[in-house]
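Colleague: Fold the following and give me the result.
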Amino acid sequence: MLSLEQYQTAFKSYDIRGIRGKEIDADLGYYLGLGLGDYIREQSGDQATMMIGADTRPNNTQLINNTLLGLSQSGLSNFVSAGMECDGYPHGICSTAMAYQLSYQTYDYSIIFSASHNSAEYIGIKIFTRENKFIPTSVLKKLFTKAFEKYSVQGFTPLSDTQAIDLYKQDSHIEVNKKKRSDMLDHYFGQLTKSHSFAIDYGHGAAVAYEMEYITQSPILRNRDRFHIQHLFGSPDGNFPAHETDTSRFSNYEKLSQEIQNNDKEFGFMFDGDADRLGIVLKNGTVMTGDILTAIVAKQALTNGMGDTFGSKKIFYEVFSSQVVKQVAAQYGGESTMVRVGRGAFCEQVIAEHGLIAGESSAHILFGPYGYAEIPLLALALILKESENFASFNEMAAHYMSTYKSQVYHFAIADKDGLMQHIDDSYPELSKNYVDGVRIDGDGFWFTVRKSGTEDIVKVAGEATDTAQFEKEWTKLKQIILEYGAHEK
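Modeller: Prediction:
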């Protein structure tokens, strides 16, 4: 068992996440379950329903068992498993994206055991309501702390895998909601009229379950005359041996890029570790960042009737996003709003303002009409549909990538606030906004610098009219960052 101080560092900006053995371990689950259980009973009563899911990390199992123990000892009993059965995974596998679809307006609360795109040494927990709103980590931290201080001295006896699984109740809503999601995807993939050839990289993550099942079993996508799909890294392995599953890091696309070149595919599509983010790489190795993909999805949603049916044409983008999102929204009758980075607060604002599409540069793309949640496969269908308006997928990409937009660079530093202020002070003559961190606007370029809410990292991204201008301005900014004592990760 870790110390209270160690555990408290795992409560990040919108989820619980940390390095196993340093910030989080299986024992955290028990005390979180006790505190959370009391909270849920107060908010929703003893009969509140809870859906449980997990990604492919092998260290999830005991964490889930302990959490279920704490929840059950608090007086809750209505637990439903969202996991697809898979050898070696007692609780099955379910992506975060699929969990949103299975639980929306169905189960009172959902707990997904996932550390998202982080590397294998991390484990984590996401907790959200039937509206797909996250319970604030500030609340979870207080609930955990109170339970830990009260009960940690006496300890507990962990549940075995069998005992934990026996707590689940059979429930037909999982299959009902799964079919609704499949029917919705069939609707959009069914609108495609041309043939498409691409590769999908599952990264050994949570997409190997429901997402891969849909792709390989859909009658539409199995049509060999129209779809030529290559599947990569489709076995579950939470050690992620192929590559890290962060879709915002360009280096993670190297193997996928090589495969699409070797097999003459139009492009490569990648899921992150818990399959709530997507990425696309072109045959020449160029990565289409999440903001560019958001712009393409937004154009389709504004023109294919989705916005009209939903009653909203509001497009949300965050401070790392290219100007193309704003331009596309204006061109096709939408309205756009720049918001903070961070899935929790981001989603809250989108829900409150009835947003149609919301996207981050990291390629979280939320769909208002479908639970205000990420659905990477729906994004793929809309991107493919948009590509059919061009002679080739590459031509579409070039149309939307008319400027040079960087990846999000990560710099490790403990004094995040000091570095942020140092960068701000280094550009006294340029205009800035402070929606989230600092966005510096120059002549033909911009940079956004913000501190991570989950790690001792400052993140930087930018855009310029062309590569040469970007490299010039980036060299200057990078030197400012390194001179302060940060180092690039």
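Colleague: Pop the domain breakdown of this protein in here.
Modeller: The record's domain split for the chain, according to automatic domain parsing, is 4-171, 177-400, 404-488.
Colleague: can you give me the offset of the longest one from its chain's centre?
Modeller: Between the centre of domain 177-400 and the centre of its host chain there is 12 Å, according to Cα atoms, centre = their mean, to the nearest Å.
Colleague: do the same with the first one
Modeller: The offset between the C-alpha centroid of domain 4-171 and the centroid of the whole chain comes to 18 Å, using Cα atoms, centre = their mean.
Colleague: where do the strands sit along the stretch 1-150 of the chain?
Modeller: If DSSP state E, counting those that start in this stretch is used as the criterion, the strands of the stretch 1-150 of the chain fall at 16-19, 49-54, 78-81, 84-86, 89-93, 109-113, 122-129.
Colleague: Would you format those as a markdown table with mean neighbour count, distance to residue 324 and mean pLDDT included?
Modeller: Glycine gets a C-beta too; all of them are placed from N, C-alpha and C. Shown next, in a markdown table, are the strands of the stretch 1-150 of the chain (neighbours: other Cβ atoms under 10 Å; distance: least, Cβ to Cβ, whole Å; pLDDT from 0 to 100):
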| stretch | mean neighbour count | distance to residue 324 | mean pLDDT |
| --- | --- | --- | --- |
| strand 16-19 | 22 | 31 | 96 |
| strand 49-54 | 26 | 34 | 98 |
| strand 78-81 | 20 | 41 | 98 |
| strand 84-86 | 16 | 37 | 96 |
| strand 89-93 | 22 | 35 | 97 |
| strand 109-113 | 26 | 32 | 98 |
| strand 122-129 | 24 | 30 | 97 |
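Colleague: now those as JSON lines including distance to residue 450?
Modeller: Converted to JSON lines, the strands of the stretch 1-150 of the chain look like this (distance: least, Cβ to Cβ, whole Å):
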{"stretch": "strand 16-19", "distance to residue 450": "18"}
{"stretch": "strand 49-54", "distance to residue 450": "30"}
{"stretch": "strand 78-81", "distance to residue 450": "37"}
{"stretch": "strand 84-86", "distance to residue 450": "36"}
{"stretch": "strand 89-93", "distance to residue 450": "32"}
{"stretch": "strand 109-113", "distance to residue 450": "25"}
{"stretch": "strand 122-129", "distance to residue 450": "21"}
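Colleague: Next up, the contacts around residue 455.
Modeller: Contacts of residue 455 were listed using Cβ atoms under 8 Å, 6 or more residues apart in numbering, and they are residue 412.
Colleague: That one in helix, strand or coil?
Modeller: With DSSP: H, G, I helix; E, B strand; the rest coil as the basis, residue 455 sits in coil.
Colleague: So the residue nearest to residue 293 when sequence neighbours are not counted, which state does it fall into?
Modeller: Closest residue to residue 293 apart from its sequence neighbours, by Cβ to Cβ, 6 or more residues apart in numbering: residue 363 at 6.0 Å. Under three-state DSSP, the three-state class of residue 363 is coil.
Colleague: Residue 255 and residue 232 touch, don't they?
Modeller: Yes. Contact criterion Cβ atoms under 8 Å: residue 255 and residue 232 qualify, at 7.4 Å.
Colleague: between the two, which one's more packed in?
Modeller: Higher neighbour count among residue 255 and residue 232: residue 232, with 18 against 15, using other Cβ atoms under 10 Å.
Colleague: mind saving the C-alpha coords of the lowest-mean-pLDDT helix or strand in the chain as PDB?
Modeller: Least confident helix or strand, the chain: helix 343-352 with a mean of 85, by mean pLDDT, DSSP states H and E. Taking C-alpha atoms only, helix 343-352 is exported to PDB below (Å, rounded to 0.1, in the frame of the first residue of the first chain):
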ATOM      1  CA  ARG A 343     -11.600  16.400 -21.900                       C
ATOM      2  CA  GLY A 344     -13.600  17.000 -18.600                       C
ATOM      3  CA  ALA A 345     -14.100  20.800 -18.800                       C
ATOM      4  CA  PHE A 346     -14.300  20.600 -22.600                       C
ATOM      5  CA  CYS A 347     -17.200  18.200 -22.600                       C
ATOM      6  CA  GLU A 348     -19.000  20.100 -19.900                       C
ATOM      7  CA  GLN A 349     -19.100  23.200 -22.000                       C
ATOM      8  CA  VAL A 350     -20.100  21.300 -25.100                       C
ATOM      9  CA  ILE A 351     -23.000  19.700 -23.300                       C
ATOM     10  CA  ALA A 352     -24.100  23.000 -21.700                       C
END
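Colleague: What are the buried residues along it?
Modeller: Residues of helix 343-352 classed as buried by neighbour count (16 or more other Cβ atoms under 10 Å): 343, 344, 345, 346, 347, 348, 350, 351.
Colleague: wait, doesn't residue 403 sit right on residue 467?
Modeller: No. Contact criterion Cβ under 8 Å: residue 403 and residue 467 do not qualify, at 9.6 Å.
Colleague: Compare these two (neighbour count), which wins?
Modeller: Between residue 403 and residue 467, residue 403 has the larger neighbour count (other Cβ under 10 Å), namely 18 against 12.
Colleague: Phi and psi next, for the more buried one.
Modeller: phi -110, psi 180 (degrees, to the nearest 10).
Colleague: In contact with it, which residues are there?
Modeller: Applying Cβ under 8 Å, 6+ apart, we find residue 403 in contact with 322, 323, 324, 463, 464, 465, 466.
Colleague: just the buried members of these?
Modeller: The buried subset of these - by 16+ other Cβ under 10 Å - is 322, 324, 463, 464.
Colleague: Format the CA atom coordinates belonging to stretch 23-34 as PDB.
Modeller: C-alpha atoms of stretch 23-34 as PDB (Å, rounded to 0.1, in the frame of the first residue of the first chain):
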ATOM      1  CA  GLU A  23       1.100   7.000  -7.600                       C
ATOM      2  CA  ILE A  24      -1.500   4.300  -7.800                       C
ATOM      3  CA  ASP A  25      -1.900   0.600  -7.000                       C
ATOM      4  CA  ALA A  26      -4.700  -1.900  -6.600                       C
ATOM      5  CA  ASP A  27      -5.300  -0.900  -3.000                       C
ATOM      6  CA  LEU A  28      -6.500   2.600  -4.100                       C
ATOM      7  CA  GLY A  29      -9.500   0.900  -5.700                       C
ATOM      8  CA  TYR A  30     -10.900  -0.400  -2.400                       C
ATOM      9  CA  TYR A  31     -10.900   2.900  -0.600                       C
ATOM     10  CA  LEU A  32     -12.100   4.800  -3.700                       C
ATOM     11  CA  GLY A  33     -14.900   2.200  -3.900                       C
ATOM     12  CA  LEU A  34     -15.900   2.800  -0.300                       C
END
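Colleague: List the contacts of it.
Modeller: Counting by Cβ under 8 Å, 6+ apart, residues outside stretch 23-34 touching it are 1-2, 6-7, 9-10, 16-18, 59, 62-74, 123-125, 140, 143-144, 147-148, 151-152, 156, 158.
Colleague: hmm, back to that, just the contacts of residue 403: which are in helices?
Modeller: Mapping the contacts of residue 403 onto helices (DSSP state H) picks out 323, 324.
Colleague: Let me see the ranges of the helices in the stretch 201-350 of the chain.
Modeller: Under the criterion DSSP state H, counting those that start in this stretch, the stretch 201-350 of the chain contains helices at 210-217, 254-262, 290-303, 306-310, 323-331, 343-352.
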